[in-house]
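Trainee: the amino acid sequence is not available; the structure is as follows:
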């Protein structure tokens, strides 16, 4: 494992590379977080993710950990540095199996717009390292576009699955 620099939420405003996206998501914040908590949902709307394993028990919160495995076998190890169900979650990498980033994290801010609609502001922040740092100027525009497409995938996924998640939430209550 290659260790990554861990950080707090303020990193998302000062990282060397920051991509930010805002979209209206056609569901409530609660259902959106149910999707985020569902380890089986991530590979369906984020191409490249093979699986997500929560390595901390529910309820998830601050210092929760998980491992994400990508197609091709790379793993990243995450620790949540912010978690307020229905409103905000953030994680930073604690390590990876490939030397790509010195630091990497994502911040998800959710605002309730009413009428089963949410505004999602998603920030990806990182510092590339080794070969990735040298070729980053070539990769960054592609990465920015690809990440933006994940938001569009999430909207499509949410439209198709929100009723199922609503039913699961109602059953759990």
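Mentor: Alright, I've got the coordinates. Because the structure is a prediction, the values reported are computed rather than measured.
Trainee: ok, now which ones touch the spatially most central residue of the chain?
Mentor: With distances taken as CA atoms, centre = their mean, residue 106 lies nearest the centre of the chain, 5.5 Å away. When contacts are counted by CB atoms under 8 Å, 6 or more residues apart in numbering, residue 106 is found next to 90, 91, 122, 123, 124, 125. C-beta coordinates here come from the backbone N, C-alpha and C atoms, glycine included.
Trainee: ok, of those residues, which one's closest to residue 19?
Mentor: Ranked by distance to residue 19 (CB to CB), the contacts of residue 106 are led by residue 124 at 4.6 Å.
Trainee: okay, now the closest one: neighbour count?
Mentor: Counted by other CB atoms under 10 Å, the residues lying close to residue 124 total 19.
Trainee: which residues touch it?
Mentor: Under the criterion of CB under 8 Å, 6+ apart, the neighbours of residue 124 are 18, 19, 20, 104, 105, 106, 147.
Trainee: any idea which element it lies in?
Mentor: Counting by DSSP states H and E, the element that carries residue 124 is strand 118-128.
Trainee: after that strand, next one along is what?
Mentor: Tracing the chain C-terminally past strand 118-128 and defining elements by DSSP H and E, one meets helix 130-172 next.
Trainee: one step back: taking the contacts of residue 124, tell me the two that lie furthest apart.
Mentor: Longest distance between any two of the contacts of residue 124 is 14.8 Å, between 20 and 104; criterion CB to CB.
Trainee: if we can go back for a sec, what score does the residue nearest to the centre of the chain have for pLDDT?
Mentor: Residue 106 is assigned 98 on the pLDDT scale.
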